[in-house]
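Student: need coordinates for the below:
(chains A and B)
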Amino acid sequence: MSEHLLSIMTFLPILGMAILLLIPRENDSLLKSFTLIVTLVTFAVSLPLAFNPVFTTDGGMQYKEFASWISVGDFFEMNYNVGIDGISLWLVMLTTFIMPIAVLSTWQAVEKNIKGFMALLLLLETGMLGAFISLDLFLFYIFWELMLIPMYFLIGIWGGKNRIYAAVKFFIYTAVGSLLMLVAILFVYYYALQSGMKMDGFSIAQFYQLQVPAHAQLWLFLAFAFSFAIKVPMFPLHTWLPDAHTEAPTAGSVILAAILLKMGTYGFVRFAMPLFPDALATCMPYLATLCVIGIIYGSLVAMVQTDVKKLVAYSSVAHLGFVMLGVFALNLQGLTGGMIQMINHGISTGALFLIVGFIYERRHTREISEFGGLAKRMPIFTTIFLIITFSSIGLPGTNGFVGEFLALVGAFESGLRWYAVVATTGVILAAVYMLWMFQRVMFGEITNPKNAELQDLNAREIVLMIPLLVFVFWIGIYPNTFFSKMSPALENLIIQVKGKQQVAMVQPIEAPHHVEFK
Amino acid sequence: MENLVQAALATVNYAAIMPSLILTGFGMLLLLIGVFSKPGRTSHIAWISIVGLIVAAVASAQAWSALGATGVEFGFTNHVAQDGFALFFNFIFLVSAALTILMSDDYLKREGYAVGEYYALILFTTAGAMWMASGTDMMTIFLGLEVLSISLYVLAGFFRRDARSNEAGLKYFLLGAFSTGFLLYGMALLYGVVGTTNIANLGMYLAAHKALVTSPMTIAGMLLLLTGFLFKIAIVPFHMWTPDVYEGAPTPITAFMSAGPKAAAIAALLRFLLLGFDSMQAEWTALFWVLAVLTMTVGNLLAISQTNIKRMLAYSSVSHAGYAMVGIVAANAIGMSGVLYYMLAYAFMNIGAFAVLALAGKQGEENLTLEGFAGFGYKRPFLGVAMCVFLFSLMGLPPTAGFAGKFYVFAGAVEAGYIWLAVIGVLNSALSLYYYLRVMVSMYFREPTEDFAWVSMPMGAMICIILAIAGVLYLGVLPQQVMEMAKTAMF
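Tutor: Residues are numbered from 1 along each chain as shown, chains lettered A, B, ... in the order given. Below you'll find the model as predicted:
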């Protein structure tokens, strides 16, 4: 079982989808419960990964699986080559964890064509898991593109009134980036072959060994970075995100924010940075500038939004800016902060989209001006909303603080000191837009009579939020559970990136600091 | 004289043309049966033609497995070579013809043109295509091209009471005849230069006499010859005929034209380029670089502005020929076998898409607009999903045949160092996303505006679509075996 654990976990959802297609389309409740069960089983299957102590000591790939897939003589070879390390571990766990919540959130929100909706969700889960576990660039590309199709339909069919524009924009933005990446992948592959390397398919481990000349690195890095930066999204490639987020159905927004955006940041960490370290060093000032612009600009735009969902969407742009800044710091604090902030963003922004979904289902509007004084009618909702808001702002004691703090410290300690200083204002801005929104929606008198009849959260909705709240505090108070399993892999990454940098060779390689949070 | 005749007779080798002989035989049989069949009752003719195609496929497969010993079977004083290359293309033609015939039976009945000649003409076209792919002599290739073209002219104008179909037939005929003139003139000039009509000898002669390569007569001959082929493949700027002809011709014939005959012209073109003009490779790769970029870009740009799906697919078919040209520019083993793979993949995905269109149309009014397709996915769930599979494949998304094909040709380009060409190629793919997505937007994201004529799924079309889906997924997920075949097929 354990040697095929990753494959079982990845293909369970698509298998579930095949069975789901046999269920009659009228049987709504069966369709929903079946999908929920499939995602829960997938989560259960993935649990042993999180409890495996090997990640605390070994930064290499675990649970490796290898099978030959396509091999056409001396033309090319592709393999089914998967495995996870401390970096992908938590993203895999986040995926399997968020999926049941996303399914549960659709219980009442989705009315038309439930069968199609559920089938697409399951297909999406396979795509996401596959992308996180791929150790072969070609395989990664396949899964990467596979995610696109279900998301396109989820937005386009079940989205809001501007859904067609949002879906097409989402699709084209993402596909343009990935197509350029495809050319870069091919180039690296043939470069490796022509420089005499015996390639085992498009194996990442072997690409890591490759020394690409600096000028080629720049182009290749740009092609990869373009593709990932669209997905993150980094300013100025972020414009698809507010549209897609706002129009997508709640479950779609949750998955988009919690997991799909992480594909971009993960892509940087796993591929773009270690493969092309020189180009990374060259581009660093520009990338860091874009991160900082993203943080400030995302926050400022979020502040003036009148639609709660749009506000949350723009706050994502800012949050992901912190993630990328931490990652680009390339020291253990920064990377740890960036990685944990990826998880945090998944939890808190995912939760925020669920919360927006709750009030939208009740009132069918998301305009801030339509609300006010909800705290009086919905005490449980208020409590949960407040906690998540604090988590999103980064209040100490919640998960957001740990991530943002470490990412900023990391950036401050690396060459990105002044970027970190400017970025810190983003934390204040986050408090402004979140708390101001919270105040306008929740506090004050009930001015709109429609709000007077609102029901508080029901059992299903509370059950949905509890796991998220648990992790808000767990990561906030005792993040070492997560750090300890990330650190060895991140240390490997730092050695991989810095050790290979030709231009930065003059600087001694810093000994990685150990993060203690006791 | 008698010796000459005997020497010529000695090289008669029916084995070398067996698949096309079978098709010709079946074609004539169908004509005969057609005489005794009532108009409108032609299902048995369709099925007999399918049997003919299967027999030809079996003969091709046998020839393929016998290849190992000799690698090639020559015949008719070296006018025909049945090698891996020709046989691989045979499979493309047979697949195209079979899928076309499967979707035709019900379609022709609906439109009121069910007569037996239709199927015979498809078989003759296929036989002509086979001669083009296996011809090693200008005369054989010309013969094949004429058999193919004349049958196609008739098929394009097959709906004789329909003005658009008439226009398609006439337009195709006039322009086709004109371009054939160019081709023939080019052949004559080349014969004047080298004194032989055999392609391999042409190549050897040019290689041995380098001075001839730059002579105006050779270059003029090559350009005229290429023009003839480029017209058939619909390479920009010789693509002007495609939209009108593709839109006017009966839908199954449009599907067929865009796959089978196009592949035949590419086959003949490849043989000329690789064997005949081997010593001019630097010149023709530069030429095809420009042609590939033009064809991809113009085809896509024109497709974007179309609101009629059939016309949109016609323009998209132009751009797909452009992707195939990328493999030709690469001119390495990967790129060239990529072209072969791409044409097979294209046959499945494009004919599949046209099959859905053929089923979606109403009698007499088959031109489907994007608005008319609104909500199609909800009205006809199976056809909607099928159409999505074909469109994703046409876009080149994994895990479909279209992705594998594009990957193959672009890999060739990158390996040969044509990075920019590959970049332009993928950007074109991105451009094409827009118009393919629009079809899906209509099918799923819009509410139905009009009722679709509810025809029960005819068996032939059903088989056609299922086979096409199977082909698209097989070539996309498990490409290994066919890629190996395409690799061995290149000489």
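Student: flag every residue of the stretch 151-300 of chain A that's near chain B.
Tutor: Residues of the stretch 151-300 of chain A lying close to chain B (C-beta under 8 Å from any C-beta of the partner chain) are A:152-153, A:156-157, A:163-164, A:167-168, A:171-172, A:175-176, A:179-180, A:182-183, A:186-187, A:190. Yep, even glycine has a C-beta here, placed from its N, CA and C like the rest.
Student: run through the helices of the stretch 1-150 of chain A in chain order.
Tutor: A:5-20, A:28-51, A:54-57, A:86-105, A:114-133, A:137-158 (DSSP state H, counting those that start in this stretch).
Student: worst average pLDDT in those?
Tutor: Sorting the helices of the stretch 1-150 of chain A by mean pLDDT places helix A:54-57 lowest, at a mean of 84.
Student: pull out the buried residues from it.
Tutor: residue A:55 (16 or more other C-beta atoms under 10 Å in any protein chain shown).
Student: name the residues of chain B found near chain A, please.
Tutor: Going by C-beta under 8 Å from any C-beta, the residues of chain B near chain A are B:333-334, B:337, B:378, B:392, B:395, B:397-399, B:403, B:407, B:410-411, B:414-415, B:419, B:422-423, B:426-427, B:429-430, B:433-434, B:437-438, B:440-441, B:444-446, B:479-480, B:483-484, B:487.
Student: can you pull up the most central residue in chain A?
Tutor: residue A:262 (2.3 Å; C-alpha atoms, centre = their mean).
Student: next, the angle from whatever helix or strand residue B:393 lives in to helix A:137-158.
Tutor: Assigned by DSSP states H and E, residue B:393 belongs to helix B:381-395. Angle, helix B:381-395 to helix A:137-158, by axes from the mean of the first three to the mean of the last three C-alpha atoms, to 10 degrees: 140 degrees.
Student: next SSE after helix B:381-395?
Tutor: Downstream of helix B:381-395 (by DSSP H and E), the next one is helix B:401-415.
Student: now tabulate the helices of the stretch 1-150 of chain A in CSV and tack on distance to residue A:414.
Tutor: Conversion of these to CSV gives the following (distance: least, C-beta to C-beta, whole Å):
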stretch, distance to residue A:414
helix A:5-20, 33
helix A:28-51, 30
helix A:54-57, 25
helix A:86-105, 19
helix A:114-133, 26
helix A:137-158, 28
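Student: the longest helix along chain B packs against which elements?
Tutor: Looking across chain B with DSSP state H, the single longest helix is helix B:163-194. When contacts are defined as 3 or more C-beta pairs under 8 Å, 6 or more residues apart in numbering or on different chains; DSSP states H and E, helix B:163-194 sits against helix B:138-156, helix B:199-208, helix B:216-233, helix B:242-248.
Student: just how off-centre is that helix within its chain?
Tutor: Centre-to-centre, helix B:163-194 and its host chain are 17 Å apart (C-alpha atoms, centre = their mean, to the nearest Å).
Student: so it versus helix B:138-156, what angle?
Tutor: Going by the same axes, to 10 degrees, helix B:163-194 makes 170 degrees with helix B:138-156.
Student: picking up where we left off before, pretty sure the residue nearest to the centre of chain A sits against residue A:341.
Tutor: No. The criterion here is C-beta atoms under 8 Å, and residue A:262 misses it with residue A:341 at 10.2 Å.
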